[in-house]
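Trainee: Model the following, please.
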Amino acid sequence: MHQLRGTIRNGQVVLDAPAAWRDGTPVAVTPVTQTDELPDDDSSPEAVARRLALIDRIQPWMTPDELATWEQTRAADKAFQLAQWEKWAAEARGAVP
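Mentor: I've put the predicted structure just below:
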């Protein structure tokens, strides 16, 4: 079953859309918290704008020097792995020289 959304009006739950559940289906109603306000499947322009605003608030977790060091290490690792490719492939085939 999927989640239904609605609003409390005059002490009653008013759903945003009709429920496709059979009459008598038990439900649990809990208030939406600030963090639950935006469902993951909401792709409306407003929801996308809110997500982008949240992403813009994220601070970098590496300094520029740390990033440069990380990129150099990755490049060196890639070069090493590419240089070893033929040897590793031969070993995997069982043709160790």
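Trainee: which residues in the protein form strands?
Mentor: Taking DSSP state E as the criterion, the chain carries its strands at 6-9, 12-15.
Trainee: Those: which one's closest to residue 61?
Mentor: Nearest to residue 61 among the strands of the chain is strand 6-9; the distance by Cβ to Cβ comes to 38.5 Å. Quick note: C-beta positions are derived from backbone N, CA and C, even for glycine.
Trainee: State the paired neighbours of that closest one in the sheet, together with their directions.
Mentor: strand 12-15 (antiparallel) (DSSP bridges).
Trainee: Give me the longest helix you can find in the chain.
Mentor: Identified as the longest helix of the chain according to DSSP state H is helix 64-93.
Trainee: counting contacts, what elements does it pack onto?
Mentor: When contacts are defined as 3 or more Cβ pairs under 8 Å, 6 or more residues apart in numbering; DSSP states H and E, helix 64-93 packs onto no helix or strand at all.
Trainee: low pLDDT regions in this protein?
Mentor: Counting by pLDDT under 70, the chain contains low-confidence residues at 1, 34-39, 95-97.
Trainee: and with 90 instead?
Mentor: Within the chain, the ranges that satisfy pLDDT under 90 run 1-8, 13, 15-21, 25, 27-48, 59-61, 90-97.
Trainee: picking up where we left off before, so which of the strands of the chain gets nearest residue 42?
Mentor: Evaluated over those, closeness to residue 42 peaks at strand 6-9, with 15.0 Å, by Cβ to Cβ.
Trainee: Tabulate the CA atom coordinates of the closest one in PDB.
Mentor: This file holds the C-alpha atoms of strand 6-9, laid out as PDB (Å, rounded to 0.1, in the frame of the first residue of the first chain):
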ATOM      1  CA  GLY A   6      -4.000  14.800   3.800                       C
ATOM      2  CA  THR A   7      -4.800  17.600   6.300                       C
ATOM      3  CA  ILE A   8      -6.700  17.700   9.500                       C
ATOM      4  CA  ARG A   9      -9.800  19.900   9.100                       C
END
